[in-house]
Structure formats: structure tokens, C-alpha cells
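Enquirer: here is the input, now give the coordinates:
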Amino acid sequence: PLSLPTLDLLRTKRVILASASPRRKSLLQLLHLPNIEIVPSTFAENLDKSHYTPWEYVLETATQKCTSVYSREIARTDVEEPTLVIAADTIICLSTGEVLEKPTSEANHLAMLQALRDGGAHKVYTAVVAMSPAETLAYPGYCMDHHVEETLVTFDKSVTDELLVSYVRTREGADKAGGYAIQGTGSILVEKIEGSYDNVVGLPLRATLRLIEKVMSGDDDPEGQEE
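Expert: This is a model prediction of the structure:
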């Protein structure tokens with residue numbers, strides 16, 4: 001496994017992924033963290049999109065996911081406190097600025113894929129937020145930072161409605177932002193991507209490792225970072 005001081009420490013501690021996504025868990029496991037606990041957030045994810053830019057919206061959602069799980073787990077007395085809590089949220093943004101999340105029906109799913117095919121390149125944003133208890137008692141008692149990754153994805157304009165309908169019926173993309181899985185059969189819809197591939201899957205791993213190291217060092221940054 002990767003032998004880095006931060007990862008070596010975390011391999012003996014509680015690490016919580018505040019997400020039920022098996023894709024995010026699989027990506028995080030590539031860092032050879034053997035004891036990742038899955039504790040899904042109960043945050044309703046119902047923020048009013050009209051009050052946020054897409055970048056702000058995905059970051060606020062990930063932040064709420066992370067803080068809700070962190071607060072709940074820190075308050076527990078039956079287990080040791082977590083050393084690290086990680087949350088993420090992924091959205092798709094059309095060239096018009098419209099934000100797409102998970103499809104709500106087959107008809108909505110088809111319309112979503114048609115918009116992605118016909119609307120030119122779209123942006124995939126994933127916000128990752130990490131929290132860790134601070135070693136000092138100084139307020140607020142934890143270190144927290146974030147990263148928002150952006151990838152540009154272009155669908156193949158020659159994809160037919162027949163293929164889109166067939167893909168919708170596979171149900172592969174029914175639980176995914178934008179309604180497609182680039183790591184699965186959904187890859188046949190994609191002509192090209194510019195940027196991080198694993199960001200489109202749901203967790204930009206390179207940026208997540210940097211974020212983990214930063215938070216675990218206590219060097220959190222209220223303004224976070226963006227790429």
C-alpha cells in the first residue's frame with residue numbers, strides 16, 4: 001500500500017465516509033484504507049438552487065452532509081471519535097447553467113440524457129469536504145477544508161433516442177447525477193472528457209488525498225480551494 005505518514009496513521013483509526021455511494025467507497029479504498037465506515041448523511045439535500053451558483057450549491061450540500069455526520073459521530077460515547085470524516089456531492093451543470101441531479105422518473109431520465117446530448121459540453125462538479133478533530137481545545141475544535149473539482153464532459157451527438165431509451169431501461173444511471181455512469185455502460189454515450197475521470201465517477205481521488213493530508217495536518221483553510 002501507499003506508505004505516507006497520514007495514510008499510515010489513518011489505517012489504525014476510524015475513517016468515516018458520509019456517503020452510501022459504492023463508487024465513492026471503491027475510489028477511497030484505492031488509498032488502502034482498510035476500515036472505512038459508511039455512515040450516510042441524513043441531510044435532506046433540498047437546498048434552493050436559485051440561491052446558489054452551481055459551485056456554491058454542490059459545496060454547501062457536501063458541507064451539510066459532512067457536518068451532520070461529524071456532529072452525530074463526535075457525540076457518540078459508545079465508540080472512539082472518528083479521526084476523519086469525508087463527504088462528497090456531485091452535480092451536472094448544463095451549458096445553460098441548469099443543475100442536474102438524479103433523475104426522478106424514466107421520462108425525466110430520458111429528457112436529461114437528451115439535454116446532455118444536444119446541449120454541448122457539460123460540467124461535472126464534485127465537492128469534497130473533510131473534517132477532523134483538532135488536537136487543541138481552541139474553537140471550533142475541529143479542522144475542516146474542502147475542494148471542488150470540475151470536469152468537462154461531451155456526449156456523442158450521434159447517439160440516437162433509441163439508444164438513450166435503451167440505456168434508461170437498464171436502470172444503471174437511475175441513481176446517478178446526470179443519469180449516466182461513465183464507468184459503466186454509460187461510457188458509450190460519451191465522446192470525450194477534459195479533466196479528472198474519477199471526478200465524474202464521484203470522487204476526485206488525487207484532490208481528495210491532498211485534502212486529507214491538509215486537514216490531518218491541522219492546516220485547514222476557511223476559503224478552501226478550487227481547481
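Enquirer: the longest helix seen in the chain: which residues count as buried?
Expert: Counting residues, the longest helix in the chain under DSSP state H turns out to be helix 54-74. Within helix 54-74, the residues that qualify as buried are 54-55, 57-70, 73, counting by 16 or more other CB atoms under 10 Å. C-beta: built from backbone N, CA, C; applies to glycine.
Enquirer: the helix or strand following it to helix 54-74, inter-axis angle?
Expert: Beyond helix 54-74 in the direction of the C-terminus, DSSP states H and E gives the next helix or strand as strand 84-93. Orientation note: strand 84-93 sits at an angle of 150 degrees relative to helix 54-74 (axes from the mean of the first three to the mean of the last three CA atoms, to 10 degrees).
Enquirer: find the least confident helix or strand in this structure, judged by mean pLDDT.
Expert: None of the helices or strands of the chain scores lower by mean pLDDT, DSSP states H and E than strand 225-226, at a mean of 46.
Enquirer: report the contact partners of residue 3.
Expert: Residues counted as contacts of residue 3 (CB atoms under 8 Å, 6 or more residues apart in numbering): none.
Enquirer: pLDDT value on it, please?
Expert: Here the pLDDT value assigned to residue 3 is 92.
Enquirer: quick check: the gap between it and residue 27.
Expert: Spatial separation of residue 3 from residue 27 under the definition CB to CB, to the nearest Å is 20 Å.
Enquirer: check residue 175 too.
Expert: Distance, residue 175 to residue 27, using CB to CB: 16 Å.
Enquirer: between these two, which one's more packed in?
Expert: Each of residue 175 and residue 27 had its neighbours counted (other CB atoms under 10 Å), and the higher figure belongs to residue 27 (21 against 12).
Enquirer: coming back round to it: give me the helices and strands touching the longest helix of the chain, please.
Expert: Under the contact definition 3 or more CB pairs under 8 Å, 6 or more residues apart in numbering; DSSP states H and E, helix 54-74 sits against strand 84-93, strand 122-133, strand 142-155.
Enquirer: next secondary structure after the first one?
Expert: Proceeding N to C from strand 84-93, the next assigned helix or strand is strand 99-100, under DSSP H and E.
Enquirer: now for that following strand, which elements pack on it?
Expert: Here strand 99-100 is seen to pack against strand 84-93, helix 106-118 when contacts are counted using 3+ CB pairs under 8 Å, 6+ apart.
Enquirer: okay, the angle between the first one and helix 106-118?
Expert: Okay, so that is strand 84-93. Between strand 84-93 and helix 106-118, the angle comes out at 80 degrees (the same axes, to 10 degrees).
Enquirer: so for strand 84-93, mean pLDDT?
Expert: Mean pLDDT, taken over the full extent of strand 84-93, equals 96.
Enquirer: parallel or antiparallel, list what pairs with it.
Expert: Sheet pairing here is set by DSSP bridges, and for strand 84-93 it gives strand 15-17 (parallel), strand 99-100 (antiparallel), strand 122-133 (antiparallel).
Enquirer: re earlier: so can I have JSON lines of the helices and strands packed on helix 54-74 showing distance to residue 183 and mean neighbour count?
Expert: JSON lines is the format used below for these (distance: least, CB to CB, whole Å; neighbours: other CB atoms under 10 Å):
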{"stretch": "strand 84-93", "distance to residue 183": "13", "mean neighbour count": "26"}
{"stretch": "strand 122-133", "distance to residue 183": "13", "mean neighbour count": "25"}
{"stretch": "strand 142-155", "distance to residue 183": "13", "mean neighbour count": "21"}
